[in-house]
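Peer 1: Requesting a structural model of the entry that follows:
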Amino acid sequence: MTTSKTYTVNFPVPAHIAMIMDGNGRWARERGLERAAGHVEGVNTVRRVTEAASQLGIKYLTLYAFSTENWNRPREEVNILMHLIVTAIERETPDLIKNNVRLSVIGDYSRVPADTMTRLNQCVADTAHCTGLNLILAISYSSRWEIVEASRRLAVLAVEGKITPESIDADILEKQLATTGIPDPDILIRTGGDMRVSNFLLWQIAYTELFVTQTYWPDFDGDQLVDIIKQFNTRQRRFGLTGEQAEALNNTSSRPSS
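Peer 2: Just a heads-up that it's a prediction; the model follows:
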């Protein structure tokens, strides 16, 4: 996780940025390369963006690395992606530790090969002591899966008599999500130009600011990340209030729960 560029800014940065890393295949196809070449270059982008986010002081960076729907891709491509993900994380773990980056993984682990999961868990354990950027990889993840699983756990708690149906509210449900303890994203960035959120953090992005860039993921870099944060700082986040109410709350450094 080492580049020659250093990122510092003199404006506020968000606490949590989530990213849909799209466009690897199209990047490769436009260059006459196999899709795998786009995924390989995409891993290099993960390194650049993680380092930039760490330097900028962002506390949480969530990357959509592999969705539950991605299991439906050709087996060869799935195998390549799994290999790339775990190999890259293992290779980068020493630098993650050096840069005080803590790694975590969210997703449906039951579908991930056992060897891959064991290796990922080791990287998570190796960085558990780090206190800087929290790098969260969504692997075999989808928001519908997450919400269904949370609902099942709530049903079990209700059957066991630990909660009642009437007691279930947003706070109780959020405690059963894969992202419990993690603040909702301030920004969601999608590279590659498609205007959809692709089953990613549907609960968590209720009041997240959305940014879609035409840039394919392999070409995305820290400079573009800084530009998006600048744009974010020009937006007024109202959380259902009027503009005047939101401005008044901003002036008192408070806001309603999202």
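Peer 1: Below-threshold pLDDT in the stretch 1-150 of the chain: ranges please.
Peer 2: 1-4 (pLDDT under 70).
Peer 1: all strands for it, in order.
Peer 2: 16-20, 60-67, 102-106, 134-141 (DSSP state E, counting those that start in this stretch).
Peer 1: And these: which comes nearest residue 197?
Peer 2: Set against residue 197 and scored by C-beta to C-beta, these come closest in strand 16-20, at 7.2 Å. Heads up, the C-betas are built off the backbone N, CA and C, glycines and all.
Peer 1: ok, residues contacting the closest one?
Peer 2: Contacts with strand 16-20, where a contact means C-beta atoms under 8 Å, 6 or more residues apart in numbering, come from 49, 53, 58-64, 182-191, 197-198, 200-201, 204-205, 208, 225.
Peer 1: just stretch 180-197 next, same as before
Peer 2: Residues beyond stretch 180-197 that count as contacts (C-beta under 8 Å, 6+ apart) turn out to be 14-23, 26, 59-60, 62, 134, 136, 174, 198, 200-201, 204-217, 220, 225, 228-229, 232, 258.
Peer 1: just stretch 38-47 next, same as before
Peer 2: Counting by C-beta under 8 Å, 6+ apart, 1, 3, 21, 23-29, 63, 80-81, 84, 88, 92, 216-221 sit against stretch 38-47.
Peer 1: Give me the neighbour count for residue 138.
Peer 2: 25 (other C-beta atoms under 10 Å).
Peer 1: ok, so what distance separates it from residue 205?
Peer 2: Applying C-beta to C-beta, to the nearest Å, one obtains 13 Å for the distance of residue 138 from residue 205.
Peer 1: Could you do residue 231 as well?
Peer 2: Shown here: residue 231 relative to residue 205, a distance of 17 Å by C-beta to C-beta.
Peer 1: out of the two, which sits in the more crowded spot?
Peer 2: residue 205 (19 against 11).
Peer 1: The more buried one and residue 130, how far apart?
Peer 2: Distance from residue 205 to residue 130, by C-beta to C-beta: 26 Å.
Peer 1: What of residue 100?
Peer 2: For residue 100, the distance to residue 130 (C-beta to C-beta) stands at 5 Å.
Peer 1: more neighbours, the two?
Peer 2: residue 130 (17 against 13).
Peer 1: For that one, which non-adjacent residue is spatially closest?
Peer 2: Spatial nearest neighbour of residue 130, excluding adjacent residues (C-beta to C-beta, 6 or more residues apart in numbering): residue 102 at 4.0 Å.
Peer 1: okay, now the one you found: neighbour count?
Peer 2: 19.
Peer 1: shouldn't it be in contact with residue 126?
Peer 2: No. Using C-beta atoms under 8 Å, residue 102 makes no contact with residue 126, being 10.0 Å away.
Peer 1: buried sites along stretch 206-226?
Peer 2: 207-209, 211-213, 215-220, 222, 224-226 (16 or more other C-beta atoms under 10 Å).
Peer 1: That stretch spans what distance, first to last residue?
Peer 2: 23 Å (C-alpha to C-alpha, to the nearest Å).
Peer 1: Centre of the chain to it, how far?
Peer 2: Stretch 206-226 sits 12 Å away from the centroid of its parent chain (C-alpha atoms, centre = their mean, to the nearest Å).
Peer 1: Next: stretch 72-91.
Peer 2: With C-alpha atoms, centre = their mean, you get 18 Å for stretch 72-91.
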